[in-house]
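*Asks:* Make a model of this:
(4 chains)
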There are 4 protein chains.
Amino acid sequence: MSKHQVRFRVRYAETDQMGVVHHANYLVWMEVGRVELVRQRGFNYKDLEHEAGLFLSVVEVHCRYIYPARYDDEINVETKLLRANARLMEFGYDIRSASPDRLLATGVTKHVWLGRDMRPARLPERYRGVLSLD
Amino acid sequence: MSKHQVRFRVRYAETDQMGVVHHANYLVWMEVGRVELVRQRGFNYKDLEHEAGLFLSVVEVHCRYIYPARYDDEINVETKLLRANARLMEFGYDIRSASPDRLLATGVTKHVWLGRDMRPARLPERYRGVLSLD
Amino acid sequence: MSKHQVRFRVRYAETDQMGVVHHANYLVWMEVGRVELVRQRGFNYKDLEHEAGLFLSVVEVHCRYIYPARYDDEINVETKLLRANARLMEFGYDIRSASPDRLLATGVTKHVWLGRDMRPARLPERYRGVLSLD
Amino acid sequence: MSKHQVRFRVRYAETDQMGVVHHANYLVWMEVGRVELVRQRGFNYKDLEHEAGLFLSVVEVHCRYIYPARYDDEINVETKLLRANARLMEFGYDIRSASPDRLLATGVTKHVWLGRDMRPARLPERYRGVLSLD
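*Replies:* Numbers count the residues shown, from 1 in each chain, chains lettered A, B, ... in the order given. Okay, the predicted model is just below:
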């Protein structure tokens, strides 16, 4: 079972006056994680949008915040595909700090494929490789 | 039972290239909603932070996306206090567009009170009025 | 000479760990200001994009920060059209806090009209009313 | 003369409905660039804030937008220290895309050092190494 990881540093603009990362940014980080998972499977989400006219629309988000991320922390997002078929995808995330290695948050996002008309669509056969479960 | 509402327009910067509001912004809108609920109960979240050194830290977020918000839509966030005691608070949200009136998303957030040392704290007696359930 | 104003409160998410509003948000506020100026002249920027396929693309931004905005401050953005013709528009902004009334920042933004192909375009005759100088 | 560079990919959340990166994000990217410049000179901006109680406050920003950044582009921010003394710092930025190599934007930011009381401060002697011009 492969692990899909992406690393980056917390930006100053991502903090709030509580002195930690504002909680909405974890959703942006999960998005960075699932784009990398798609890329590591040989697809490019940008091409899916431009060539196939398919958008992976978010229908549900759940996030549990365990320990606060701080400015300049090195963040590691581990993404797993939990469920996938031609109509929907579900991803799970562990968001960790690198030093010390610590679990900061866990999340799940559910998605449906939409066409250019913003209606539910089926992922064409040629893109189904993106769906193989870990 | 009172309803706590706040209205504003979708900002251009809140959209993404899918042509709709990026899903992370709904968490920012829920935050605007709960700050207004606190204000309408006669408290000011800013003062709680500055005077009492108390922070309402997010420990869990759940959001269901039903219909996309678009640039320039007038948004109405209805916030309810679902559960509250000296240690934690739980809020529920309906995010609606004004015209046509349509439910765009529903959400729940859970919070604990933290002191300046970022450890769990109890809300002092004089602030307990903020806790009364709707 | 008319003044174009828009008011809103600083959101918690707009602060950073310095305890004040992160400077990038002032660009978002200027955008809110110029959209309202366009609306108050009887146009809707949303319609310009959708119907006319015209985008008011930013080519230059300048902002001077005088006094920090803080969470929950009521902000007043005053926008003026400084220069306008069929190809470009230039706006000036005063960003003020409401109480106490204080100038927080001043800014200027320059824009060109782009068509759907992202190339420079001329504003069609029927939209020229938006161009009248203050 | 050293060049201070930092690379990252454009995030989906950074785009807007024009299909390109929203212009306010370039200010966030410049901030990422100057933090890396400071780090490459052997200082850590995080420590300056925590240990010395010094904040590098933005007093002026100027940005010229030349070519739009798009989702998933690899961005390269080159940062130079233009002017520096114990009271103020001025940085210049070239924001480029990696493939094709193209100049997307140029910027300048001016800063003053503030103490914990938010009043202008002088950078202590032991931190002056950060000030050496390129």
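
*Asks:* contacts for stretch A:86-97?
*Replies:* If you take C-beta atoms under 8 Å, 6 or more residues apart in numbering or on different chains as the criterion, stretch A:86-97 is touched by A:26, A:29-30, A:33-34, A:37, A:56, A:59, A:67, A:69, A:73-84, A:102-113, A:120, A:122-123, A:128, A:131. Just so you know, the C-beta spots here come from the backbone N, C-alpha and C atoms, and that holds for glycine as well.

*Asks:* and chain B, which of these reach it?
*Replies:* With C-beta under 8 Å from any C-beta of the partner chain as the criterion, the subset of the contacts of stretch A:86-97 in contact with chain B comprises A:Val59.

*Asks:* list the buried ones in the longest strand belonging to chain A?
*Replies:* Secondary structure of chain A per DSSP state E: the longest strand is strand A:102-114. By neighbour count on 16 or more other C-beta atoms under 10 Å in any protein chain shown, the buried set for strand A:102-114 is A:104-114.

*Asks:* Out of these, which two sit at the greatest distance?
*Replies:* A:Leu104 and A:Leu114 (30.6 Å; C-beta to C-beta).

*Asks:* Run through the strands of chain A in chain order.
*Replies:* A:4-9, A:55-65, A:74-84, A:88-97, A:102-114.

*Asks:* Point out the residues in chain A that sit beside chain C.
*Replies:* Checking chain A against chain C by C-beta under 8 Å from any C-beta, the hits are A:12-13, A:15-20, A:22, A:24, A:71.

*Asks:* Taking strand A:55-65 as reference, get the angle to the lowest-mean-pLDDT helix or strand in chain A.
*Replies:* Scoring the helices and strands of chain A by mean pLDDT, DSSP states H and E places helix A:45-52 at the bottom, with a mean of 86. Taking axes from the mean of the first three to the mean of the last three C-alpha atoms, to 10 degrees, one finds helix A:45-52 and strand A:55-65 inclined to each other by 150 degrees.

*Asks:* re the thing from before, may I see the strands of chain A arranged in TSV, with distance to D:Cys63 and mean pLDDT as well?
*Replies:* Formatted as TSV, the strands of chain A follow (distance: least, C-beta to C-beta, whole Å; pLDDT from 0 to 100):
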stretch	distance to D:Cys63	mean pLDDT
strand A:4-9	22	95
strand A:55-65	30	97
strand A:74-84	27	96
strand A:88-97	31	97
strand A:102-114	32	97
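
*Asks:* Switch these over to TSV; also include distance to B:Leu88.
*Replies:* Below are the strands of chain A laid out as TSV (distance: least, C-beta to C-beta, whole Å):
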stretch	distance to B:Leu88
strand A:4-9	31
strand A:55-65	13
strand A:74-84	27
strand A:88-97	22
strand A:102-114	18
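
*Asks:* Contacts for the longest strand of chain A next, please.
*Replies:* The contact list for strand A:102-114 (C-beta under 8 Å, 6+ apart) reads A:26-27, A:30, A:34, A:54-69, A:75, A:82, A:86-97, A:120-123.

*Asks:* Repeat the analysis, applying 6 Å as the threshold.
*Replies:* A:26, A:30, A:54-67, A:69, A:88-97, A:120-121, A:123 (C-beta atoms under 6 Å, 6 or more residues apart in numbering or on different chains).

*Asks:* and stretch A:107-121, how far from the chain's centre?
*Replies:* Its chain's average C-alpha position is 14 Å from that of stretch A:107-121, according to C-alpha atoms, centre = their mean, to the nearest Å.

*Asks:* How far does it stretch from one end to the other?
*Replies:* 25 Å (C-alpha to C-alpha, to the nearest Å).

*Asks:* ok, A:His62 touching B:His62?
*Replies:* Yes - taking contacts as C-beta atoms under 6 Å, A:His62 lies within contact range of B:His62: 4.9 Å.

*Asks:* For A:Cys63, grab the count of nearby residues.
*Replies:* Close neighbours of A:Cys63, defined as other C-beta atoms under 10 Å in any protein chain shown, add up to 25.

*Asks:* if we can go back for a sec, please convert the buried members of the contacts of strand A:102-114 into PyMOL selection syntax.
*Replies:* Command for PyMOL that selects the buried part of the contacts of strand A:102-114, burial taken from 16+ other C-beta under 10 Å:
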select buried, chain A and resi 26+30+54+55+56+57+58+59+60+61+62+63+64+65+69+88+89+90+91+92+93+94+95+96+97+121+123
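
*Asks:* Can you name the residues of chain A that neighbour chain D?
*Replies:* Chain A has residues A:11-13, A:28, A:31-32, A:46, A:71-72 near chain D, with proximity defined as C-beta under 6 Å from any C-beta of the partner chain.

*Asks:* just to revisit the earlier point, hmm, who's touching the least confident helix or strand of chain A?
*Replies:* Contact with helix A:45-52 is made by A:35, A:38, A:54, D:71-72, as judged by C-beta under 6 Å, 6+ apart.

*Asks:* got a list of what A:Val59 touches?
*Replies:* By C-beta under 6 Å, 6+ apart, the residues touching A:Val59 are A:110, A:112, B:65.
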